[in-house]
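Undergrad: Let me see the structure of the following:
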Amino acid sequence: MFDFPSNPSAGQTVTNGAITYTWDGQKWVVGGSLTTYAIAEGLTGAGTNQSTALLLNADFNVVTSCPAGAGFKYNASFKQQVVLNNDPSHVASVYPPAGAKINGQAVNAPFVMGMNGARVTFTAGASPGTQIYAG
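TA: Numbers count the residues shown, from 1 in each chain. As a prediction, this is how the structure comes out:
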């Protein structure tokens with residue numbers, strides 16, 4: 001597993017394979033001048049339902065821990081979000097935006113992803129506020 005520096009300074013870069021990440025003072029970003037991706041790491045699951053789950057605010061979201069019953073919520077302002085669950089002993093629930101569904105499940109039902117390195121890409125369908133695909 002690749003680890004980012006814990007106290008980076010603005011403009012600091014790190015490389016993992018062929019990908020270079022730059023700290024912009026608030027988050028790690030990857031990409032060239034045309035595309036920039038936000039990376040949030042060290043996330044901890046929150047709440048116990050869709051209303052109280054932690055809203056994901058980056059393109060790439062790295063979970064450090066997800067207490068039993070806690071979770072995250074897909075952010076409808078993103079076309080696609082990647083979630084990596086590094087919690088070694090807990091699954092992570094990812095909720096759709098209110099009124100939406102993931103992979104045809106019931107409206108507002110969470111998608112439960114595995115633990116210990118499980119990675120899932122969530123992509124908005126043609127109607128981003130109603131259908132999310134996980135794969």
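Undergrad: From G47, how far out is T123?
TA: T123 sits 23 Å away from G47, going by CB to CB, to the nearest Å. The way it works is simple: take the backbone N, C-alpha and C, and place the C-beta from them, glycine included.
Undergrad: Same question for A92.
TA: Per CB to CB, A92 is found 12 Å from G47.
Undergrad: Which neighbours do these two have in common?
TA: A70, G71 (CB atoms under 8 Å, 6 or more residues apart in numbering).
Undergrad: the more surrounded of these two?
TA: Of the pair A92 and G47, A92 is the one with more neighbours under other CB atoms under 10 Å, namely 29 against 18.
Undergrad: Apart from its neighbours in sequence, what residue is nearest T22?
TA: Excluding its sequence neighbours, the residue lying closest to T22 (CB to CB, 6 or more residues apart in numbering) is T13, at 4.9 Å.
Undergrad: ok, now V29?
TA: Nearest non-adjacent residue to V29, counting by CB to CB, 6+ apart: T36, 4.9 Å away.
Undergrad: Check G125 too.
TA: G125 sits nearest to Q131 (CB to CB, 6+ apart), 3.5 Å away.
Undergrad: I'd guessed that neighbour sits against A124; true?
TA: Yes. Q131 is in contact with A124 according to CB atoms under 8 Å; the separation is 7.5 Å.
Undergrad: Comparing these two, which shows the higher neighbour count?
TA: Of the pair Q131 and A124, A124 is the one with more neighbours under other CB under 10 Å, namely 22 against 16.
Undergrad: For the more buried one, give me its contacts.
TA: Neighbours of A124 in contact, by CB under 8 Å, 6+ apart: A76, F78, K79, Q80, Q131, I132, Y133.
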